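**Q** Show me the folded form of this:
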Amino acid sequence: MKTTDQILKIKAALLYILESFPEGVDYIKLFKILYFAQQSHLVKYGRPIVQESFYALKHGPVPSFTYKALQVAEGKLGKGTDFEDFLTDIQVRMSELVLVQGATQADRDELSKSDIKCLDDSISKHKDMDSYDLSELSHDEAWTEACTRAENDPEKNKMTLIDIAKAGNASEAIIHRIKEHQLIKRALLS
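**A** Modelled structure (predicted):
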């Protein structure tokens, strides 16, 4: 279960990306821009932009909470209380593809300067790429590792923060920082 703060941060990051796509963007491109921004932030700062679990699916990494919320907006899943506030400013519409649009600007108070820098870099680098080329690009070592684990157990397709950071060529110091942060977080939750 996501906290309210985590949900607000995810929403702000998505709306920030969606500002660059006034006509809407397909799931693949939206998810990959977020993934590459997340990976970059992990590599540079040792922490994620958003508390999202990415799963290795056919077209690359998919953020779990966001994907479920968008499926609720499409009417594919039943409504959930976590998703109602999240979806108030995010619209999903059908055309040739399912497109996602923001109905308002992102709450920049939810995003740090480093979050915005990594989001801007990912948007700039990937905005004009074909979605399926972007999908291929996202089939990195972290995605491959999760897919390999899922061959034996379909529930093991979650991509770890450490695998994502390693796939982005994070230094050993950053990997160590991520591990420490995860251990502290786990200790606080137990």
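**Q** Can you name every helix or strand that the helix or strand of the chain with the lowest mean pLDDT contacts?
**A** None of the helices or strands of the chain scores lower by mean pLDDT, DSSP states H and E than helix 81-86, at a mean of 79. Where contact means 3 or more Cβ pairs under 8 Å, 6 or more residues apart in numbering; DSSP states H and E, helix 81-86 is packed against helix 4-18, helix 64-74. In this view, the C-beta of every residue, glycine as well, is placed from N, C-alpha and C.
**Q** Identify all contacting residues around that helix.
**A** Contacts of helix 81-86 from elsewhere in the structure, counted by Cβ atoms under 8 Å, 6 or more residues apart in numbering, are Met1, Lys2, Ile7, Ile10, Lys11, Phe65, Lys68, Ala69, Val72, Ala73.
**Q** who does the next helix or strand after that helix pair up with?
**A** Tracing the chain past helix 81-86, the next element assigned as helix or strand by DSSP states H and E is strand 90-94. Each strand that pairs with strand 90-94, with its direction, by DSSP bridges: strand 98-102 (antiparallel).
**Q** Let's test this: mean pLDDT of the partner strand, rounded?
**A** Regarding strand 98-102, the rounded mean pLDDT is 94.
**Q** Sort out which residues of the helix or strand just after it are buried, please.
**A** Per DSSP H and E, strand 98-102 leads on to helix 113-126 as the next helix or strand towards the C-terminus. Neighbour-count burial for helix 113-126 flags Asp115, Ile116, Lys117, Cys118, Leu119, Ser122, Ile123, His126 (criterion: 16 or more other Cβ atoms under 10 Å).
**Q** can you check stretch 165-183 too?
**A** Of all the residues in stretch 165-183, those buried under the rule 16+ other Cβ under 10 Å are Ala165, Lys166, Ala167, Gly168, Ala170, Ile174, Ile175, Arg177, Ile178.
**Q** residues touching the third one, list them.
**A** By Cβ under 8 Å, 6+ apart, the contact list for Ala167 reads Gln39, Asp140, Glu141, Ala142, Trp143.
**Q** what are the phi and psi values for Ala56?
**A** Dihedral pair for Ala56: phi -80, psi 110, per degrees, to the nearest 10.
**Q** So what's the residue count around it?
**A** 25 (other Cβ atoms under 10 Å).
**Q** my read: it touches Asn157, true?
**A** Yes - judged on Cβ atoms under 8 Å, Ala56 makes contact with Asn157 at a distance of 4.7 Å.
**Q** which residues are common contacts for those two?
**A** Ala146, Cys147, Ala150.
**Q** What about the residues you listed, which are in helices?
**A** Ala146, Cys147, Ala150 (DSSP state H).
**Q** distance of His181 from Thr66?
**A** Taking Cβ to Cβ, to the nearest Å as the measure, His181 and Thr66 are separated by 22 Å.
**Q** from the shared contacts of Ala56 and Asn157, which is closest to Ser135?
**A** The shortest approach to Ser135 among the shared contacts of Ala56 and Asn157 belongs to Cys147, at 13.4 Å (Cβ to Cβ).
**Q** Alright, I will stop here.
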